[in-house]
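[1] what's the 3D shape of this:
(one chain, ligands or ions: 2)
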Amino acid sequence: MAEQEALAAGRTRVRSETRDLSWASGTEVCGLDLSRPQDLSDADVDAIMKLLAERGILLFRGRKISHAQHLDFTRRFGPLAKTGLLTRYAPPGFPDLFTVTNMKVDGVRSETWNAARQWHSDQSFLPVPARACLLRCEKVPTLGGDTMFANMYLAYDGLSAGLKKTLEGMSAFHCVFNTRATVLDGRKEFTPEEKAMAGGATHPVIRTHPLTGRKYLFVNEQDVDHFDGWTIKESAPLLDYLYAHLSQPAYTYRHKWQPDDVIMWDNQTMQHNALADYDLDNLDAPENHRLMFRSTLA
Ligand SMILES: O=C(O)CCC(=O)C(=O)O
Ligand SMILES: [Fe+2]
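    Residues are numbered from 1 along each chain as shown. Ligands and ions are numbered 1, 2, ... in the order given. The predicted model follows:
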């Protein structure tokens, strides 16, 4: 987008050519060299974070970077978040990266083969959820392996004035170990130390993004157990309504990965869901291999 157009649209401009991926969410940033984060000025960093807050997702395509470069680029935007429960899935030598793969690791199928099949926001179960994440694609199935994103500004905007008012004063308890989550299915039992890292946290249902001043909806089906002060049973019908509402197609963007894509998402306002839209019966066939690495900003 040209500078004039970006300014006319009241939108932040970065020092690179950009191309929107959909009307409400996602912008591809071309030309920026992820392997040289030292070339980014503080003003560049601020502009990228502002554009991310406005657009939810930034796509960097065709960027061949190493694990070390992935982490160095991420660190240019702030401190890394502790992976906590995900440390067991870190690639050797890089405890700050999370591997998501359906491939075998040391002869055994990775426990992450079916990760993220529910809508969620990473680490919402921590008192301070992750600010943003950067997911790099190394291998993707020939057909499928897409990730969907849903825009929580739009989800908030789409509620009635009455429901907005009701939700405004409410909070929800987020916890990985809840009865609705499927994310832990088939995983090795977590140790007491790991569980202690994930005791859960209570967050307002409606939050305001500090960089845009816009309100967004903050409940997700993977992590929310109940509304604060409500029973699980009382919470379920309203949560079910909100989950159907927030994931409606008009609020989403579906990403078809190419190897060497890096997607940065604003983890406050974008929920994501990794689809089982490929041949799950033939995980060992090279054309079905999926291999992704995520870094996380605190
Ligand atoms: O594999 C994906 O597409 C997304 C995985 C995920 O939820 C994450 O890395 O946070
Ligand atoms: Fe995730």
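[2] neighbours around Glu193, how many?
    Glu193: 7 surrounding residues under other C-beta atoms under 10 Å. Bear in mind the C-beta positions are built from the backbone N, C-alpha and C, glycine included.
[3] Give me the buried positions along the helix or strand hosting it.
    For Glu193, the enclosing helix or strand under DSSP states H and E is helix 192-197. Judged by neighbour count using 16 or more other C-beta atoms under 10 Å, the buried positions of helix 192-197 are Met197.
[4] Can you name the residues in contact with it?
    Applying C-beta atoms under 8 Å, 6 or more residues apart in numbering, the external contacts of helix 192-197 come out as Lys82, Gly84, Leu85, Phe177.
[5] swap in stretch 148-162?
    24-26, 56-57, 119, 164, 167, 206, 209, 212, 214-218, 242, 245-248, 250-255, 265, 268-273, 275.
[6] Now do the same for the residue in the stretch 101-250 of the chain that ligand 1 sits nearest to: helix, strand or coil?
    At 3.1 Å from ligand 1, Ala116 is the closest residue in the stretch 101-250 of the chain, using C-beta to the nearest ligand atom. Here Ala116 is coil, with the state taken from DSSP: H, G, I helix; E, B strand; the rest coil.
[7] Just name the shakiest helix or strand of this protein by mean pLDDT.
    helix 3-8 (a mean of 64; mean pLDDT, DSSP states H and E).
[8] next structured bit after that helix?
    Beyond helix 3-8 toward the C-terminal end (DSSP H and E), the next one is strand 17-20.
[9] re earlier: also within reach of ligand 2: list those from the contacts of helix 192-197.
    Counting by C-beta under 5 Å from the ion, nothing from those sits close to ligand 2.
[10] least confident pick among these?
    Within the contacts of helix 192-197, Gly84 has the lowest pLDDT, namely 73.
[11] any idea of the pLDDT on the nearest residue to that residue once chain neighbours are set aside?
    Once flanking residues are discounted, Gly84 sits nearest to Met197: 4.5 Å by C-beta to C-beta, 6 or more residues apart in numbering. Note for Met197: predicted pLDDT of 80.
[12] what about Met197, distance to Gly31?
    39 Å (C-beta to C-beta, to the nearest Å).
[13] Check Asp146 too.
    Taken as C-beta to C-beta, the span from Asp146 to Gly31 is 25 Å.
[14] Could you check which of the two is surrounded by more residues?
    Asp146 (16 against 10).
[15] from what I can see the more buried one touches His272, true?
    No: with contact defined as C-beta atoms under 8 Å, Asp146 does not reach His272; the gap is 10.8 Å.
[16] what comes up buried for whichever strand or helix holds Glu54?
    Using DSSP H and E, Glu54 sits within helix 42-55. By 16+ other C-beta under 10 Å, the buried positions in helix 42-55 come out as Asp44, Ala47, Ile48, Met49, Lys50, Leu51, Leu52, Ala53, Glu54, Arg55.
[17] The protein against ligand 2: which residues are in contact?
    So the chain meets ligand 2 at Ala116, Asp122 (C-beta under 5 Å from the ion).
[18] let's see it at 8 Å
    Ala115, Ala116, His120, Ser121, Asp122, Cys133, His272, Ala274, Arg294 (C-beta under 8 Å from the ion).
[19] ok, the second one to Ile232 distance?
    Yep, that's Ala116 we're talking about. Taken as C-beta to C-beta, the span from Ala116 to Ile232 is 23 Å.
[20] Counting neighbours, go ahead and name the busier of the two.
    The neighbour count for Ala116 versus Ile232, taken as other C-beta under 10 Å, is higher for Ala116 (18 against 14).
[21] I'd say the more buried one and Val100 touch.
    Yes: shown here, Ala116 and Val100 form a contact pair, counting by C-beta under 8 Å, at 7.0 Å.
[22] Need the overlap of contacts for these two.
    What both Ala116 and Val100 touch, as defined by C-beta under 8 Å, 6+ apart, is the set Ala274.
[23] Show me where the stretch 1-150 of the chain dips below the pLDDT cut-off.
    Residue ranges of the stretch 1-150 of the chain with pLDDT under 70: 1-8, 83.
[24] Around ligand 1, pick out the residues from it.
    Contact residues (C-beta under 6 Å from any ligand atom) of the stretch 1-150 of the chain with ligand 1: Val100, Ala115, Ala116, Asp122, Cys133, Leu135, Thr147.
[25] Can I get the residues you listed in CSV including distance to Asp279 and secondary structure?
    Compiled in CSV, these are given as follows (distance: C-beta to C-beta, whole Å; DSSP: H, G, I helix; E, B strand; the rest coil):
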residue, distance to Asp279, secondary structure
Val100, 18, strand
Ala115, 17, coil
Ala116, 18, coil
Asp122, 27, coil
Cys133, 27, strand
Leu135, 22, strand
Thr147, 17, strand
